[in-house]
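1. Okay, predicted coordinates and the sequence, questions at the end:
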Amino acid sequence: MVMQSLQLDRVFRALGDPTRRAMLGRLSRQEHTVGELAEPFKMSLAAASKHIKTLEQAGLVRRTVRGRTHYCQLNPQPLADANDWLRSYERLWTKRLAALEAFLRHPEKE
């Protein structure tokens, strides 16, 4: 359970930055080099690598090296795990909001 919590913390930390979310969006369409991921943000390769390292630590990105070029691919499983965690709260709040709506529509039944 602690390991799952740590992994979930890493995923949400990685998703907390708009640059990393944009990188993931690009990777959801196809594999990119580190340079390609850095280009739209006008950042150095070192800065892009730091963002990618955070994504890798969260398990969201896999980096492979071919020759001297580093390629990044999206690993969607941690996003699916985070979505499952969020859905448990969605179910809880949906039930509570439905009960509130029923009460507000028919307070005499309570």
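-> Arrived safely, thanks for sending.

2. Distance from the chain centre to stretch 101-110, please.
-> 39 Å (CA atoms, centre = their mean, to the nearest Å).

3. Mind checking the pLDDT average for it?
-> Here stretch 101-110 scores 78 as its mean pLDDT.

4. same deal with stretch 21-33?
-> According to the model, stretch 21-33 has a mean pLDDT of 97.

5. Could you give me the buried positions within it?
-> By neighbour count on 16 or more other CB atoms under 10 Å, the buried set for stretch 21-33 is Met23, Leu24, Arg26, Leu27, His32, Thr33. (Glycine included, C-beta is placed from N, CA and C.)

6. any idea what sits nearest the fourth one, other than its immediate chain neighbours?
-> The reference is to Leu27. Leaving aside its sequence neighbours, Leu27 sits nearest to Leu74 (CB to CB, 6 or more residues apart in numbering; 3.9 Å).
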